[in-house]
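okay, structure incoming, though there's no sequence with it:
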């Protein structure tokens, strides 16, 4: 809710800023007209008030529901994480998001590629400096470790073992010389979920250090791959992912030999699969799980899988991303990866009576998403919405009646808005 409210709040504030800059104070109230179309599912009424139960009791207010993997996602009521779809968990965690201190030790300290190395992790409270030794179990494990190579070709999801002194250790091996990014995911008891990044570099590496500057990902032309006898068909919703907007990853698994849907998957770490996404520069990381949850306390050996498995994910910034998804079949974990491109919304566009353009004067070619707000200033019409490009035709979001079309070419821009024509309604000209 707050994510969507803040996003559209920013748009409306930007439109107000544009109006204030381009019109005199005396004309603002006369020339400014907003049509705000509520985003479905936000829970906002026409007056801007949040819908839902009345004020919480004092005891209820002490409980905060947070995502066990994304501490910035929190609510006063039960629900699901808008980034990964995981159910929020109740906690008495402090209202602020606190980043814990993590110390990573390597034995030997000089890591050599293809040779064994032991990694040791110690976690400390950021304010007291006290070592943290108690953790919540998250998908069967207290600590999830992800090691990714600089070129994003190597990916390892493993689980260090907690020792008597509270530290976590694991023995591993880096497959080749180079720089690696380490993502540590854990949830301290009475604390907030943590995803902390560290870096590792082999002793015989002569590249550019810890930065992922050498990465040059190529976007997959086909979202269908075969790995370990299974064909993975991936469908993205929306087909073109947008930064700052939730994305659904829909997998359909087919046995490569028989051509039949795969129905013998096994639960893997408390879920039907695990997915991790990372940006090309290695700065954005997200771990998510299937939308179909495995109930607590059931006999997992008797559960039946489905060939279709979906994951919620979220891309914070535009750019190229690599997606890794893992599934378990016949006691073997299968990892498949895809590389996609994520675009950024050009949320504000201007129609000057002849052409559409962004506010930075870059001409665009088409309008490929719905409009959520309109603002009129003199002869200029400003629109804000879920589009990345703009052109002659403007589409208004109308969840109940479909899509309405506004044709600025035939419209009278000035004292009136553009004429609206809907396939299910007569033309109208709002004054």
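Received, thanks. No experiment lies behind these values; they were computed from the predicted model shown. Residues are numbered from 1 along each chain as shown.

low pLDDT regions in the stretch 101-250 of the chain?
206-215 (pLDDT under 70).

redo that, cut-off 50
When residues are selected by pLDDT under 50, those of the stretch 101-250 of the chain lie in 209-210.

what segments of it are strands?
For the stretch 101-250 of the chain, the strands defined by DSSP state E, counting those that start in this stretch occupy 101-107, 116-124, 143-149, 155-158, 161-162, 168-173, 179-186, 194-201, 224-227, 230-237, 246-255.

and residue 274, which of these is closest to it?
Taking Cβ to Cβ, strand 155-158 is the member of the strands of the stretch 101-250 of the chain nearest to residue 274, at 6.5 Å. Just so you know, the C-beta spots here come from the backbone N, C-alpha and C atoms, and that holds for glycine as well.

got the buried residues for the closest one?
Burial within strand 155-158, assessed by neighbour count using 16 or more other Cβ atoms under 10 Å, is assigned to 155-157.

next one: stretch 137-153
138-139, 141-150, 152.

now those in TSV, with distance to residue 318?
TSV is the format used below for these (distance: Cβ to Cβ, whole Å):
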residue	distance to residue 318
138	29
139	29
141	32
142	34
143	31
144	27
145	28
146	22
147	26
148	20
149	23
150	21
152	17
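
which of these sits closest to residue 377?
Nearest member of the buried residues of stretch 137-153 to residue 377, counting by Cβ to Cβ, is residue 152, at 45.8 Å.

apart from its neighbours in sequence, what residue is nearest that closest one?
Among residues not flanking residue 152 along the chain, residue 322 sits closest, at 4.8 Å (Cβ to Cβ, 6 or more residues apart in numbering).

mind giving me a markdown table with the buried residues of strand 155-158 and columns for distance to residue 201?
Listed next are those as a markdown table, based on distance: Cβ to Cβ, whole Å:
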| residue | distance to residue 201 |
| --- | --- |
| 155 | 17 |
| 156 | 16 |
| 157 | 21 |
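
from those, which single one is nearest residue 74?
Nearest to residue 74 among the buried residues of strand 155-158, with distances taken as Cβ to Cβ, is residue 157, at 25.5 Å.

residue contacts, the residue lying closest to the closest one once chain neighbours are set aside?
Nearest residue to residue 157 in three dimensions, chain neighbours excluded: residue 146, at 5.5 Å (Cβ to Cβ, 6+ apart). Shown in contact with residue 146 (Cβ atoms under 8 Å, 6 or more residues apart in numbering): 155-157, 182-183, 185, 276, 285, 287.

now residue 249
By Cβ under 8 Å, 6+ apart, the neighbours of residue 249 are 234-236, 275, 310-313, 323, 325.

from what I can see residue 255 touches residue 263, true?
No - look at residue 255 against residue 263 with Cβ atoms under 8 Å: they stay out of range, at 9.1 Å.

neighbour count winner among the two?
residue 255 (16 against 11; other Cβ atoms under 10 Å).

give me the beta-bridge partners of that one?
On the basis of DSSP bridges, residue 255 is bridged to residue 230.

now do the helices in this structure.
Using DSSP state H, the helices of the chain run over 2-22, 25-31, 58-61.

for residue 179, see how far away the closest residue to residue 184 other than its chain neighbours is.
Excluding the flanking residues, the one nearest residue 184 by Cβ to Cβ, 6+ apart is residue 196, at 4.7 Å. Here residue 196 is placed at a distance of 17 Å from residue 179 (Cβ to Cβ, to the nearest Å).

hang on, the earlier thing: and the helices of the chain, which one is worst for confidence?
With a mean of 40, helix 25-31 has the lowest mean pLDDT of these.

show me what contacts residue 162?
135, 142-143, 168.

let's go with 7 Å and repeat that
142, 168 (Cβ atoms under 7 Å, 6 or more residues apart in numbering).

same check, this time on residue 229
Taking Cβ under 7 Å, 6+ apart, one finds 255-257 in contact with residue 229.

one more time with 10 Å, if that's ok
255-258, 262, 329-330, 332, 334 (Cβ atoms under 10 Å, 6 or more residues apart in numbering).
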